[in-house]
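Novice: Predicted model, plus sequence, below.
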Amino acid sequence: MTKWLKKPGDTVERDEPLFEISTDKVDTEIPSPTAGTLTDVLVQEGQTVGINTVVARIGENGGGAGSAPATNPVAEPVAKAAEPDPAVAASAAPGPAVEPEPALKEDAAVEPAGPLSPLVRKMARENSIDLSKVAGSGAGGRITKQDLETHLSQKAAPLAEAPRQTAAVPVQAPPPAPKPAPEAPPRPAGQAKARIEPLSTMRQKIAEHMIMSQATSAHVTTVHKVDMTKVAKMRAKHKADFASRYGMSLTFLPFVTRATVEALREFPLLNASIEGTNIIYHNEINVGIAVSLENGLIVPVIRQADEKNVLGLQRSIVDLAARARSRQLKPDEVQGGTFSISNFGSFGSVFATPVINQPQVAILGVGAVEKVPVVVDDAIAIRSVMYLSLSFDHRLIDGALGDQFTSKVKSVLEGWSEEVL
């Protein structure tokens, strides 16, 4: 349990976030299963609790008899944390109480299209946002955190642009010379020179996983330059129609994912894993896509990625990323990956050397697509170019195989012919 969002004596509404839990897979807010008064908090912030542990009691308004236990749903519990049982509240960590705004208690009466995540409800309460005035960009018109941030920035814009008022300033005699400033008092002995705060549970788990991966696999990285001109032209041709028809942008990532799946079919050893002295060949191609969060990184998995076309892959990428950032992922959606892709190019990076996501044996890094001058048939031409970096486990994958795999991905992208729509 990482944080309590309410304190004893506070009133809570049904489905209002009550506390936050953190596991090695997901962080999520747990909503209250009923309306009433939080009478007792039985588990403190930072404590680790087991499945179905009673962590708090919620009574009828005014407290007293009839209070119902709030229990911890983690692991199998996490599954319940993502989709809590109506009879169960969750596990937690204390923090400042958040009083609901009276004007926003009518959420249910003006419920916009699609369900609202606990994070969206919390942001709306804290910023007094009327959700009926916010356009949702998520699946089915669902309002996301990014929609609320955009709404807040639009509200703040008129204030920032307000003209400054000026006033005439009379001419005055020059002020007297300032007295020398007194010397700053010496810093008291032992006074802190830096702020210290503990790593979040997610940050700790990421650190442990990265160190373990570096200690487990013999990391080697190969980098290939890819001419993305055909894909860029295909994307430019269809992106407007794609956005109007499906309500989402068409990015380069589903093209790269599609090409990666083709290469994994041809070189199944890259889709394998090592267990002791055995090689495990996976029958399914489940591709993990790294998603950057405010406080870390998570890798949700596209299952049976080889059965999806570009549209299906783009839809899966958008859905998983949106639910990862709104803490709506289920535990099984971040498990079972057989190969991973890290799209650091979305932040402008040309190429990097990603760390293998254990127990996998390889991860593909995708750099930014840039127009650059290149030599084509002894002439200078402008082409859309991207770098792919494949980090692989040299215990199982030799350099030749790593290069053959990456060359296959490159070949599919440079010779792209599959229609998007």
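Specialist: Received the coordinates, thanks.

Novice: From here on, just use CA atoms for contacts and neighbour counts.
Specialist: Will do.

Novice: so how far is residue 154 from the closest residue to residue 117 other than its chain neighbours?
Specialist: With sequence-adjacent residues excluded and distances taken as C-alpha to C-alpha, 6 or more residues apart in numbering, residue 117 is closest to residue 326, at 6.4 Å. Noted for residue 326: a distance of 21 Å to residue 154, by C-alpha to C-alpha, to the nearest Å.

Novice: for residue 208, same thing?
Specialist: Taking C-alpha to C-alpha, one finds residue 208 at 40 Å from residue 154.

Novice: what does residue 232 give?
Specialist: 32 Å.

Novice: So the two - more neighbours on which side?
Specialist: residue 232 (19 against 11; other C-alpha atoms under 10 Å).

Novice: pretty sure that one is touching residue 384, no?
Specialist: Yes: assessed by C-alpha atoms under 8 Å, residue 232 is found in contact with residue 384 at 7.0 Å.

Novice: quick one: residue 242 and residue 251 touch, right?
Specialist: No: counting by C-alpha under 8 Å, residue 242 sits too far from residue 251 to count as a contact (10.5 Å).

Novice: Verify the stated contact: residue 33 with residue 15.
Specialist: Yes: with contacts counted by C-alpha under 8 Å, residue 33 reaches residue 15, the gap being 6.0 Å.

Novice: Neighbour count: these two, which is higher?
Specialist: residue 33 (24 against 18).

Novice: which stretches of the stretch 101-250 of the chain form strands?
Specialist: 219-227 (DSSP state E, counting those that start in this stretch).

Novice: ok, which stretches of the stretch 201-350 of the chain are helices?
Specialist: 201-216, 229-246, 253-266, 310-325 (DSSP state H, counting those that start in this stretch).

Novice: Likewise for the stretch 1-150 of the chain?
Specialist: Under DSSP H, counting those that start in this stretch, the stretch 1-150 of the chain gives helices at 76-82, 118-126, 145-160.

Novice: Between those, which has the poorest mean confidence score?
Specialist: Ranked on mean pLDDT, the bottom entry among these is helix 76-82, at a mean of 36.

Novice: So residue 291 is in contact with residue 322, correct?
Specialist: No: with contact defined as C-alpha under 8 Å, residue 291 does not count as touching residue 322 (9.3 Å).

Novice: mind listing what residue 209 touches?
Specialist: Residue 209 makes contact with residue 358 under the criterion C-alpha atoms under 8 Å, 6 or more residues apart in numbering.

Novice: do that again at 10 Å, thanks
Specialist: 24, 203, 215, 355-358 (C-alpha atoms under 10 Å, 6 or more residues apart in numbering).

Novice: Much appreciated, bye for now.
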